[in-house]
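J.: Fold the following, please.
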Amino acid sequence: MNNIEEIPEFMCRPEDKNLCTYSDTDSIYLHAYPLLKHLNPEFDNLTPDEQDDLLENMALKYQDLITEYYDILAREAFNVNTHRLEMKTECTIRSGFFSGKRRYAQYITKKEGMNVEDIDVKGLDFMKSNFPPLFKKFFNEILNDILFGATREATDKKILEFKNSLDTLPIEMLAKPTGVKNMKQYIASGPTADAIFSTFENKAPVNVKAAARYNDLLRFKKLHKKHSQIVTGDKIKWVYLKDNPYKIDTIGFLPFDLPEGVSKFIEKYVDREKAFNSILKNKLEKFYQDLGWGSLTLNTYVSDFFSF
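T.: Numbers count the residues shown, from 1 in each chain. Model (predicted):
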């Protein structure tokens, strides 16, 4: 094993690859593999736990080495004997996914000297409150699989199986949760003798349109006196619809008070394909691109076709 103080030349030459994976405020994440390989040529033959131990040992020694150079910098550049600059190893990461500023996931195995098994996720879309719980759980599973080394083929197959499972799920599990604001502001005119549904101002949010169409359908079916209508401030769920007799493309509902007549209409015309595409596929496409996997393909595998 090489000496820890022997900083390899490739760490210093500006024309070489930048080993900084991510930085934010006072933190920096470094891709340590080239340095670990330099320090121990047998690094690839070590167990994952042994690799983590070597990484932590290297990081702790380098943090002290860099802090010593801060002392020299303070004396020689600023003529002071004390300063507050200090390097500290926060954690060691076995694998990570970095999509952008404060948008990442990492598999942490050591934190402040303690062995841990922690998946730390920040800022990714599936964590938002308007992401349906079922899709949130699945996206989290995919992320965990990849951090633990899943292949693209295995990930493609798992996504396809999940997509196919949506065909039989109840609408409550497919719908997007959201709040409703300023309904009256976006409704241009209500239902008339010639039109069942309201019309909307330009730039009316899709969830407001979905909520208003639910209220209009309740009135049309004469259910509005027995069931709650959606009002500003309500928490609702909404879905996209396929072509239907009413020619509407979205509808919202209150999960706690959904009349059977409206429920059956939604179940019949809910667009499950669009639910998958709008909620999950677009996010997964970006995920694949960030991983360098190219486009997401959900075709049945030829190998499956020929298996018996």
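J.: quick one: the strands in the stretch 101-250 of the chain?
T.: Assigned by DSSP state E, counting those that start in this stretch, the strands in the stretch 101-250 of the chain fall at 103-111, 114-122, 176-179, 187-189, 199-200, 235-240, 250-253.
J.: which of those strands sits most buried?
T.: strand 250-253 (a mean of 24; mean count of other Cβ atoms under 10 Å). Heads up, the C-betas are built off the backbone N, CA and C, glycines and all.
J.: Sketch out the low-pLDDT regions of the protein for me.
T.: For the chain, the stretches with pLDDT under 70 are 1-18, 299-308.
J.: tell me the domain ranges of it?
T.: Per automatic domain parsing, the structural domains of the chain span 9-123, 133-169+274-295, 172-273.
J.: Turn the strands of the stretch 101-250 of the chain into TSV, including distance to Ser228.
T.: Formatted as TSV, the strands of the stretch 101-250 of the chain follow (distance: least, Cβ to Cβ, whole Å):
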stretch	distance to Ser228
strand 103-111	38
strand 114-122	36
strand 176-179	16
strand 187-189	18
strand 199-200	22
strand 235-240	11
strand 250-253	10
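J.: Quick one, which of the ones you listed gets closest to Leu147.
T.: When these are compared by Cβ to Cβ, strand 103-111 sits nearest Leu147, at 4.3 Å.
J.: In the sheet, which strands lie alongside that closest one, parallel or antiparallel?
T.: In the sheet, strand 103-111 lines up against strand 91-100 (antiparallel), strand 114-122 (antiparallel) (DSSP bridges).
J.: Any idea which of those strands gets closest to Lys281?
T.: Of all these, strand 91-100 comes closest under Cβ to Cβ, at 16.5 Å.
J.: Identify each buried residue in the closest one, please.
T.: Cys91, Thr92, Ile93, Arg94, Gly96, Phe97, Ser99 (16 or more other Cβ atoms under 10 Å).
J.: Most widely separated two among the residues you listed?
T.: Longest distance between any two of the buried residues of strand 91-100 is 20.9 Å, between Thr92 and Ser99; criterion Cβ to Cβ.
J.: Endpoint to endpoint, stretch 179-196 covers what distance?
T.: Its start and end residues considered, stretch 179-196 measures 24 Å (Cα to Cα, to the nearest Å).
J.: Buried residues, it. List them.
T.: So stretch 179-196, judged by 16+ other Cβ under 10 Å, has buried residues Val180, Met183, Tyr186, Ile187, Pro191, Ile196.
J.: TSV for the strands paired with strand 103-111, including distance to Gly252?
T.: Listed next are those as TSV, based on distance: least, Cβ to Cβ, whole Å:
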stretch	distance to Gly252
strand 91-100	30
strand 114-122	29
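J.: looking at these, which is closest to Phe287?
T.: Per Cβ to Cβ, nearest to Phe287 of those: strand 91-100, 7.7 Å.
J.: contacts for the closest one?
T.: If you take Cβ atoms under 8 Å, 6 or more residues apart in numbering as the criterion, strand 91-100 is touched by 21-22, 29, 48, 51-52, 55-56, 59, 104-112, 123-124, 143, 146-149, 286-287, 290-291.
J.: Report the buried members of the residues you listed.
T.: 22, 29, 51-52, 55-56, 59, 104-111, 124, 143, 146-147, 287.
J.: Surely Pro34 and Pro41 touch.
T.: No - applying Cβ atoms under 8 Å as the test, Pro34 and Pro41 come out as separate, 12.0 Å apart.
J.: Who has more neighbours out of those two?
T.: Pro34 (15 against 10; other Cβ atoms under 10 Å).
J.: For that one, grab phi and psi.
T.: Main-chain torsions, Pro34, degrees, to the nearest 10: phi -60, psi -40.
J.: I'd like the distance between it and Phe43.
T.: 10 Å (Cβ to Cβ, to the nearest Å).
J.: same thing with Leu291?
T.: 23 Å.
J.: returning to that earlier point: quick one: closest of the strands of the stretch 101-250 of the chain to Phe276.
T.: strand 235-240 (10.3 Å).
J.: what lines up beside that closest one in the sheet?
T.: By DSSP bridges, strand 235-240 pairs with strand 176-179 (antiparallel), strand 250-253 (antiparallel).
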